[in-house]
Structures are given as structure tokens and as C-alpha cells.
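In: give me the fold of what follows.
(chains A and B)
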Amino acid sequence: MNTDTPSDYLYVKLRQLTPIPLSVDFTCGKNELIVLVGPSGSGKTTLLRSIAGLHHVSEAIIKVAEEIWCDSQQKLFRPARQRRAGFVFQHYALFPHLTVARNIALAIPGKEKSRSQQEIDRILALVNLQGMDQRYPGQLSGGQQQRVALARALARDPALLLLDEPFSAVDMVTRRKLRRELVRIRQQLNIPIIFVTHDLDEAYMLADRLFIIHEGRLLQNGYPADVLARPASARVAHLLDLNNIFKARIKSHDRGRKITLLQWGDTTLECSINERFSPDESVDWVIPPDSIILHRVDRPSQGERENPVDGIIEQCLSLGENTSITVRLEGQASRLSFNVPTHVARRNKLAELFPIRVSLLASAIHLMSPGE
Amino acid sequence: MDWQTVFLSFKLAFLTMLILLPAGILISRLLAYQRFHGRALVLTCIVLPLVLPPTVLGFYLLHAFSEQVAIGHWYQQLTGHSLIFTFDGLLLASVLFNLPFAVIPMQRAFASIPADIREAAWCCGLSNLRTFWQIELPLAWPGILAALILVFAHTLGEFGVVLMIGGNIPGETRTAAIAIYDYLQVLNNSAAGKLSALLLLLSFTSIVLINVLNSRMRHNEYRHSI
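Out: Residues are numbered from 1 along each chain as shown, chains lettered A, B, ... in the order given. Model (predicted):
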């Protein structure tokens, strides 16, 4: 994580109502890798295209390294060709009639041939494509095409790198390889990277900062671990694919024990004190699945006394190493779901309709303002 | 073989093609990439000659070219001769009549270039002109070439408009298609047969070439979709 560089190398402010609503403000540090996550149609790609100059936003300010790329108030709009933004398209958009070398050469500024050949060799080495320069895009695999697209984006000596779901069209093995490559390559770059993806695992793996975007608005931004543990709202939690999101009421705060008591249906839960909410206030709360502890049948386990709740196993699905358990809780309309290692599920003879007791770790219960 | 009519037909076809190469590219590119008011009307006007009887088009052009009307008058002032019954008038009519044969395939060729390929060119720092020369033109080229062959073949075979605008003046407006009709009128079957065979051969070759180019375009589209 690079937190020592100024965080306002890139400044973006965008407002528009049509064709899709967009209302975002953010800054980005020079070495930062931002991952944009959100459902289809949330505005991720439009945001990226606006920065690149491929989409015209009615109200916009885009500033990169003291250069103003767009300022709608001053009626300033630099077209894409005048913005030094490296853009990697979802389907690569390589020029099919040109060789790899020509694809890259077109993006290299200046016309000096010998310099540009050296530059092509350097960039091809950077993306691990030595010896491929005379091939045509149609003769390359998906992963190789992706590397050419990245090489071409870097050839322009960009001030900023924009990647629009770059790994979505390749198989899982290639995707993993390309992710590692990107992490390696970014160490040699000194520019911000904005990366759009649907894949949450990819987002957690790559992001310095995670942006959750929905209906054109930035719902939350922060370090991936923070966003995951403390989503700003139930909507963010849903978008992060967190399943255990519930509604409750604040019962009281106990400053002495540093806990807040939650009334959740018939159950009272304890969680870390959070005085942002006052007693009687409604809240949403979420708990990550790894903070739901199964009580073993044979012997008690750690954390057993924290928020014990009883229920009946409604669904028990063995998914390779892990088994996914869904529990219908006593006195609750909602379901709790979590994973246990399959060998644990077997040892405890977990099966549908079996009674079960779990503990909800108090420190992991996160309270949020109630959503709609 | 009546080489004078063959030469005239080729000259007309070649010059029509030469004029429609830049004009067709300009119009088809505009129609493929720009959304503007009146686009549908422009498209309709361009396609109109496809369905209009050549005599109807000929009738209107005849009027437009007459010295009482602005175009014809202006041309007369400029060059000292009329557009009617001259090669120049024939060429202008031929260009108008061939617009759909040039514009429609070219438009298809430009429209088939994926939008992100042009955007990638801009993101590489290429100007609109360089994007046109280095990206759009090479990718659309098979379609453009097919359009030109179609125009060439179609001009060689055009009869109605030529007859109405050009009449039948040897060396000036008497094309091969007109000559065939003329020979048949005077029962010169052998001359009509030779010219007919030549036109048949040319038309056949043109269609084969167009098919080859079209399959090349499809191949390109496939490569884009990879």
C-alpha cells in the first residue's frame, strides 16, 4: 500500500442525470490502485470512459497531475487523444490488421523509428511477450491479447491507467496469472490505476482502495478489509455479497463493559459499543460468516459464551473443502448462513433438520444506519 | 466489336467510380458514425434510386439539367455547353443513380468496425485523420472495394437513365447497353451478341469479386470478435 504519496494526484468530480445518473467525487494518489466494484449498469464503465474522454459528462472536473483534462465550468474538454490515459478495453480492442509491434508503435508518441523500436522491445519485455512482435492479434491467445492491450496502453507513457474488466474474457487460470502480472508491473509504474471488475475476489486481491458504486453514486470507499468488515450500509453489504444482514433495535449501551445491547427479535445480542446510535433506534447489522462459531457437540470451543443462538439446519451443502450451512433460528424470520470445513461438518454429523447452536462474535457485529 | 461504345461505357463506369470513392466514403462514414437530425431523410434519398424506375429519375434529372433550371443554367454559364445529351450530364446522372450502390456497402463496412477499436485509436493519441487512415480505412477497405466494383458493373449495365439523359450520340453518350438495344432494332444480332457476352462476363466477374471481398469482411468481423 502506498500511502506516502500525495493523495490528490488525480481529482475527479462528475455529475450527470442522463443517459445514466452519475454523481461521484474522489481523489487518488500517484501510486494508488483503485478498484471499482458495482453491479452491471451502476456506472463503473461510464466513470472510466469519462476520465478517458470517451464520454461527455455535463458537469465534470478531471485533473491529473496539475493538468486539467476537463472542466465543464470553463468549457474545457480535452478529447481522448489529448489525455494521456492508458485504456485497456474489456475486449482488448486490438487493431486486427496490425502486428503486435504496430499496435504498440501507434501509441508511442514521437516518430523516431529506432527509439520506438527500443520502446516496443522494452514494453513487450515488461508484459512478458518477447518474440511476439510480428504476430497478428488473431494469432494470439486471450491472455496474450490482454497483455498486448496492456502494452499498448502503457506505450503512450500514460499519466493514468484505466482498466475496464480486463480479465473478464479469459479463463480462470489465465486470469490468476494476469492478476499476478499486473501486481508485478504496477511496481514498475508510478501512476494511478483505476480497475473495474465484477469479481470481488479480484477486487480484494488488487485494491489499495475499494470503491463501491451503485446507480452512479459512490456508496463507500476505503481499504478492502475495512469495507468488507464495516460496510457503510446494508446495500453495500449486499453488493459485497455478505449474506448475514439483519434488522435490530438498540436496547442500551453499557459503557462499563464497553458493549452495546441489541434487541434482535426475541434475542438480545452484545456487540462492541457504538454510541453513534441511540437506544431504541433501529439499525441494520451484519456479521461476516467467519465470525459465526459453531458449537461443537463433543466439547466446548472458544467464544462459546458470546451471543449463543439456537436454530435448525435448513440447508447443508457440501462444496468441496467447505460445507455451506443455512440455519433457521428460533424466534427469527431471517436465516443465518456460514461455512464450516467439510471434515468439521462430518465430525459433528451436521445434516438438514438437525438442531444447532452457534455463537456470534460480538466484536464482529457491525452496526449500520437502516437502509430502505 | 463496337470498341467505341465499350470504351465509352468503361470511361463512364471508371469516372463514376472515381467520383464515388471519396464521396461515398464521406457520406457513408457520416451515416455510420454520426447521429444527426435528418439522417433518416438523407438515407431515404440515397436509397431512392434503388426502387425508383430509371425513367422517373431520368425525367427529373432531365428537368433539373435543362437551362431553365438553376443547375443546368449554372452549368451552361460555367462551361458553355448543356448537361443534357452530353457526357458530363451522363456522368452526373450516373453518380446520382449509383449513390446507393456505393454508400450502402461502404456504410456497412464502416459500421462493422467495433466502436471500441476506434476509441482505442483515440486513446492511443491518434487524431481523427490518422484514425481514419490507419484504422478505419484498412478495416473497411474490402467493403469499399466491393462497393466500387458494384458501381462499376452497375454503370456498365445502366440503360434507362442513360437513354433519357444522354440519348444515343456515338462517342458522346452511346454506351454498350444502349448500343445493344440499337443493334437489335436494326436486327444486327451478331454485334448485339458480342456486346452482350462482354457485359455478361464483366458482370459475372464482378459478382465473384464482390463475394470474395464480402467473405473477407466477414473474416475481419470474426477477428474483431475474438
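In: show me the contacts for B:Met17.
Out: Applying Cβ atoms under 8 Å, 6 or more residues apart in numbering or on different chains, we find B:Met17 in contact with B:Leu148, B:Val151, B:Phe152, B:Thr155. For glycine as for every other residue, the C-beta is placed from the backbone atoms N, C-alpha and C.
In: so what's the first one up against?
Out: Read it as B:Leu148. B:Met17, B:Leu20, B:Leu21, B:Ala102.
In: how about the last one?
Out: Taking Cβ under 8 Å, 6+ apart, we find B:Thr155 in contact with B:Ser9, B:Leu12, B:Ala13, B:Thr16, B:Met17, B:Ser94, B:Asn98.
In: that older thread, closest one to B:Ile169 out of the contacts of B:Leu148, please.
Out: Proximity of the contacts of B:Leu148 to B:Ile169 was ranked by Cβ to Cβ; the top entry is B:Met17 with 22.5 Å.
In: so that closest one, which of the three states?
Out: helix (DSSP: H, G, I helix; E, B strand; the rest coil).
In: which positions in the stretch 151-300 of chain A make contact with chain B?
Out: A:Arg152, A:Ala153, A:Ala155, A:Arg156 (Cβ under 8 Å from any Cβ of the partner chain).
In: what about these, which one has the most neighbours?
Out: A:Arg152 (28 neighbours; other Cβ atoms under 10 Å in any protein chain shown).
In: summarise which helices and strands whatever helix or strand A:Arg175 lives in is packed against.
Out: Element membership for A:Arg175 (DSSP states H and E) is helix A:172-186. If you count contacts as 3 or more Cβ pairs under 8 Å, 6 or more residues apart in numbering or on different chains; DSSP states H and E, helix A:172-186 packs onto helix A:142-155, helix A:200-206.
In: what's the most buried one of those?
Out: helix A:142-155 (a mean of 24; mean count of other Cβ atoms under 10 Å in any protein chain shown).
In: heading C-terminal from that one, find the next helix or strand.
Out: Next element after helix A:142-155 (DSSP H and E): strand A:160-164.
In: now mean pLDDT too, for the helices and strands packed on helix A:172-186, in a markdown table please.
Out: A markdown table is the format used below for these (pLDDT from 0 to 100):
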| stretch | mean pLDDT |
| --- | --- |
| helix A:142-155 | 94 |
| helix A:200-206 | 90 |
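In: so A:Phe246, which state does it fall into?
Out: Applying three-state DSSP: A:Phe246 is strand.
In: just to check, it is in contact with A:Trp264?
Out: Yes: A:Phe246 is within contact range of A:Trp264, at 6.3 Å (criterion: Cβ atoms under 8 Å).
In: what sits in contact with each of the two?
Out: A:Trp285.
In: pLDDT of stretch A:72-82, averaged?
Out: Average pLDDT, stretch A:72-82: 94.
In: residue 51 - how many residues pack around it?
Out: You didn't pick a chain, so chain A it is. A:Ile51 has 25 nearby residues by other Cβ under 10 Å.
In: not quite, I wanted chain B
Out: 8.
In: got phi/psi on it?
Out: phi -110, psi -20 (degrees, to the nearest 10).
In: show me what contacts it?
Out: No contacts exist for B:Val51 under Cβ under 8 Å, 6+ apart.
In: what is the helix or strand that comes right after the helix holding A:Arg175 packed up against?
Out: Later in the chain than helix A:172-186, the nearest helix or strand by DSSP H and E is strand A:193-197. Contact analysis of strand A:193-197 by 3+ Cβ pairs under 8 Å, 6+ apart lists strand A:33-37, helix A:44-52, strand A:160-164 as its packing neighbours.
In: can I get these in CSV with mean pLDDT and distance to A:Gly331?
Out: Below are the helices and strands packed on strand A:193-197 laid out as CSV (pLDDT from 0 to 100; distance: least, Cβ to Cβ, whole Å):
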stretch, mean pLDDT, distance to A:Gly331
strand A:33-37, 95, 35
helix A:44-52, 95, 41
strand A:160-164, 96, 47
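In: now whichever residue of the stretch 151-300 of chain A sits closest to chain B: closest residue in space that isn't a chain neighbour?
Out: The nearest approach of the stretch 151-300 of chain A to chain B comes at A:Arg156, 5.7 Å away (Cβ to the nearest Cβ). In this structure, A:Arg156 finds its nearest non-sequential neighbour in A:Ala107, 4.6 Å apart by Cβ to Cβ, 6 or more residues apart in numbering or on different chains.
In: hang on, that neighbour packs against A:Ala149?
Out: No: using Cβ under 8 Å, A:Ala107 is not in contact with A:Ala149; the gap is 10.7 Å.
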